[in-house]
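Participant: I would like to see how this sequence folds:
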Amino acid sequence: MESCSRVPKEAFVLIGQRCHFLEELDLTDNEIDDEGLKSISRCSKLSSLKLGICLNITDKGLAHIGMCCSKLAELDLYRSAGIADPGILSIAHGCPGLEMINIAYCLAAIAVGCKQLNKLDIKKCYNINDSGMIPLAHFSQNLRQINLSYTSVTDMGLLSLASISCLQNMTILHLKGLTPRGLVAALLACGGLTKVKLQASFKSLLAPPLCEHLEARGCAFQWREKMFQAELDPKCWKLQLEQ
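Facilitator: Below you'll find the predicted structure:
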């Protein structure tokens with residue numbers, strides 16, 4: 001039902017009333033509100049729910065999903081700006097089998113409750129910093145893929161994530177607090193990496209033998225050309241490497 005803009009809010013209430021055996025539901029870019037979510041929470045067999053760009057939902061509605069849809073394994077909240085920590089915590093407490101969540105453009109604190117989480121996208125969650133990475137590294141030992149782009153994570157947070165032995169895929173673009181030295185330490189410590197997406201500016205700052213070593217270990221690099229602020233003064237980066 002993605003982008004069905006003419007479907008009225010009342011229709012989502014009816015779905016909850018009459019489709020109790022529903023397992024997958026895509027409501028991306030729809031007019032659903034909290035009452036609709038409350039009704040849909042009756043679909044207790046839901047394993048996949050997509051609520052991206054649903055601008056009328058809040059933590060109150062998501063709490064019903066957390067309370068009633070314990071089988072949820074996939075949740076997409078991309079750009080659903082009304083969702084914050086309380087709503088995500090409801091999911092964390094009520095959906096222990098959650099494996100994938102997209103909370104890009106949202107704030108979140110989810111690691112403690114979702115120990116089965118294997119994919120996490122926190123792109124442009126600007127306020128998420130190293131303090132969020134520490135519990136993630138401790139509790140989310142099944143994490144295989146993470147997108148940290150545009151967050152406030154620094155060297156310390158990235159190095160914390162390196163302790164997750166299952167971690168295979170990282171996207172780390174536009175991290176203003178990341179230094180070449182910190183990146184090198186994290187890459188070497190994270191032995192299971194198979195793919196890393198980085199700014200192209202890092203390529204000239206990483207020693208060729210290091211890249212060759214990581215590639216021989218099975219890690220493929222994807223270099224992105226987009227400029228970001230630190231590139232305006234590349235000498236600063238070289239100085240940090242030499243320290």
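Participant: so where do the strands sit in the protein?
Facilitator: Using DSSP state E, the strands of the chain run over 24-26, 48-50, 74-76, 100-102, 119-121, 145-147, 169-171, 195-199, 220-224.
Participant: number of nearby residues for the spatially closest residue to residue 17 that is not a sequence neighbour?
Facilitator: For residue 17, ignoring the flanking residues on the chain, the nearest one in space by Cβ to Cβ, 6 or more residues apart in numbering is residue 39 at 6.2 Å. To be clear about C-beta, it is placed using only N, CA and C from the backbone, and glycine gets the same treatment. When neighbours are counted by other Cβ atoms under 10 Å, residue 39 registers 21.
Participant: likewise for residue 56?
Facilitator: 16.
Participant: would you confirm that it contacts residue 32?
Facilitator: Yes - taking contacts as Cβ atoms under 8 Å, residue 56 lies within contact range of residue 32: 6.5 Å.
Participant: give me the common contacts of those two.
Facilitator: Both residue 56 and residue 32 are contacted by residue 9, under the criterion Cβ atoms under 8 Å, 6 or more residues apart in numbering.
Participant: follow-up on the earlier one: what's near enough to touch the residue nearest to residue 17?
Facilitator: 12, 13, 14, 15, 16, 17.
Participant: separation between it and residue 162?
Facilitator: When distance is defined by Cβ to Cβ, to the nearest Å, residue 39 is 43 Å away from residue 162.
Participant: residue 178 too?
Facilitator: Note on residue 178: its distance to residue 162, by Cβ to Cβ, is 13 Å.
Participant: between those two, who's got more neighbours?
Facilitator: Applying other Cβ under 10 Å to residue 178 and residue 162 shows that residue 178 carries more neighbours, namely 22 against 19.
Participant: domain-wise, how is the protein divided?
Facilitator: 1-117, 151-243 (automatic domain parsing).
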